[in-house]
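> Take a look and give me a structure for this.
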Amino acid sequence: MSGSNFIDYVKIYCRSGKGGRGSTHFRREKYIPKGGPDGGDGGNGGDVIMRANRNYWTLLHLKYQRHILAGHGESGSGRLSTGKAGETKIIEVPCGTVAYDAETGEYLCDVTEDGQEVVLLKGGRGGKGNNFFKTSTNQAPRYAQPGEPYQERYVIFELKLLADVGLVGFPNAGKSTLLSVMTAAKPKIANYPFTTLEPNLGMVSYRDFKSFVMADIPGIIEGASEGKGLGLRFLRHIERNSLLLFLVPADANDIADEYKILLNELANYNPELLDKRRILAVSKSDMLDEELIEEISKTLPDIPHIFISSLTGQGIVPLKDLLWRELNADGDYRKTTEIVHRNLDIKTLKFDDGDDEIPEDDYDEDDFDEGENYDYYEEDWDDVK
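You can find the predicted model right below:
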């Protein structure tokens, strides 16, 4: 992850706040004998919340944030005073971020819409004070309830880009060049494999002020689903794309065979990717004449296809038309955000040293019943609803 501003997964230790304990205070005022119990409830512990924010597009801001600790609730006190609630911690993440348990790889939740919030760890409830337990037959309870303990876990946040069209192809197929022609994005372009080492996003302008988002995914090679090349590193970003645009250069030995290899790698990674709509674009077609284009068309798979050239602009406008038609094939603008999540294989991810340091909990739960000699008896949460 080092050396790049595009960070698409981080591991963070998260801990909610513990609930404050209830008070065993009794009312003592002049001329008021036997004032009775007036111990207040403890404050609730703070939650750890995950919130989607459209202003972020990577997890870079969380890269060095190893620990996120919510505040503990304070104990209750006399005069029916409820303890202060603990501070809630909100983790701002880009739309499309998924949370996994770092120990088991279990899927926890995801956020896809701006402002969407999910409680990752619930803070402990504050304990009830002795005033809560008074009855006609127990008018002076000398016990209260402890606060609920906090929750803690290591969480892996993984970003899966939200884009309408995902570019899929081998290295040097012309994906970055096409993105630079169709959008205002300026990805790195060079004549060697794996020029693109991280995904790039661009906004494609269409007719009547319409637009859609296109993502350039780093090149896939045969065996990527098994870890070859960049491996599974960026295949996750294809899962949320509504439409897959396969890009195969015209000078390939066998265009149909290369398409099948790419499709097979996606199927090995996640078979549900085969349910997405697909378009095949043959790039670098400026080197072909009409007769050769007609012959090649007969060998292509039975999906919508088009011949384009980013250098000369051949087929770029028809490609935009085709993409927009496919995005609206069901009569409405198709934007895929919901996917079936699988558990994460944590062995495929590498983290920097020092991630497993758990901070000590130095919170001291003070007793605010100053001047009272009553013992504190803990009433379990299971006994009071």
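> Poorly predicted segments of the stretch 101-250 of the chain, please.
Applying pLDDT under 70 to the stretch 101-250 of the chain flags residues 187-197, 219, 221-234.
> For it, which segments are assigned as strands?
107-111, 117-121, 143-144, 152-159, 165-169, 200-205, 211-216, 243-249 (DSSP state E, counting those that start in this stretch).
> so can I have CSV of those showing distance to residue 236 and mean neighbour count?
Using the backbone N, CA and C atoms, a C-beta is placed for each residue, glycine as well. Listed next are those as CSV, based on distance: least, Cβ to Cβ, whole Å; neighbours: other Cβ atoms under 10 Å:
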stretch, distance to residue 236, mean neighbour count
strand 107-111, 12, 19
strand 117-121, 19, 17
strand 143-144, 49, 24
strand 152-159, 7, 20
strand 165-169, 11, 26
strand 200-205, 15, 18
strand 211-216, 12, 22
strand 243-249, 14, 23
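> Mind putting the ones you listed into a markdown table with distance to residue 54?
Listed next are the strands of the stretch 101-250 of the chain as a markdown table, based on distance: least, Cβ to Cβ, whole Å:
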| stretch | distance to residue 54 |
| --- | --- |
| strand 107-111 | 11 |
| strand 117-121 | 14 |
| strand 143-144 | 45 |
| strand 152-159 | 13 |
| strand 165-169 | 19 |
| strand 200-205 | 12 |
| strand 211-216 | 12 |
| strand 243-249 | 21 |
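> Of these, which is nearest residue 176?
With Cβ to Cβ as the measure, strand 211-216 is the member of the strands of the stretch 101-250 of the chain nearest residue 176 (5.5 Å).
> angle of that closest one against strand 200-205?
Here strand 211-216 runs at an angle of 150 degrees relative to strand 200-205 (axes from the mean of the first three to the mean of the last three Cα atoms, to 10 degrees).
> all helices of the protein, in order?
For the chain, the helices defined by DSSP state H occupy 175-182, 255-269, 290-297, 316-327.
> what's the spacing between the longest one and its chain's center?
Using Cα atoms, centre = their mean, to the nearest Å, the distance from the centre of helix 255-269 to the centre of the chain it belongs to is 27 Å.
> returning to that earlier point: tell me which of the strands of the stretch 101-250 of the chain lies nearest to residue 99.
strand 107-111 (4.3 Å).
> and that closest one with strand 152-159, angle?
Using the same axes, to 10 degrees: strand 107-111 against strand 152-159 is 50 degrees.
> buried sites along stretch 298-312?
By 16 or more other Cβ atoms under 10 Å, the buried positions in stretch 298-312 come out as 300, 305, 306, 307, 308, 309, 310.
> now, among those, which is nearest to residue 150?
Among those, and counting by Cβ to Cβ, the member closest to residue 150 is residue 310, at 54.6 Å.
> Please verify my assumption that residue 300 contacts residue 280.
Yes - using Cβ atoms under 8 Å, residue 300 is in contact with residue 280, at 6.3 Å.
> shared neighbours of the two, anything?
Common neighbours of residue 300 and residue 280 (criterion: Cβ atoms under 8 Å, 6 or more residues apart in numbering): residue 259.
> Surely residue 217 and residue 165 touch.
No - using Cβ under 8 Å, residue 217 is not in contact with residue 165, being 10.6 Å away.
> how near is residue 306 to residue 324?
With distances taken as Cβ to Cβ, to the nearest Å, residue 306 is found 13 Å from residue 324.
> Give me the common contacts of those two.
Counting by Cβ under 8 Å, 6+ apart, nothing touches both residue 306 and residue 324.
> quick revisit: looking at the strands of the stretch 101-250 of the chain, which is closest to residue 357?
strand 152-159 (10.9 Å).
> Can you give me the neighbour number for residue 328?
13 (other Cβ atoms under 10 Å).
> hmm, I was thinking of residue 318
12.
> cool, and residue 55?
So residue 55, with other Cβ under 10 Å, has 8 neighbours.
> go on, the one 10 residues further on?
When neighbours are defined as other Cβ under 10 Å, residue 65 has 12 of them.
> nearest residue to it other than its sequence neighbours?
residue 12 (6.3 Å; Cβ to Cβ, 6 or more residues apart in numbering).
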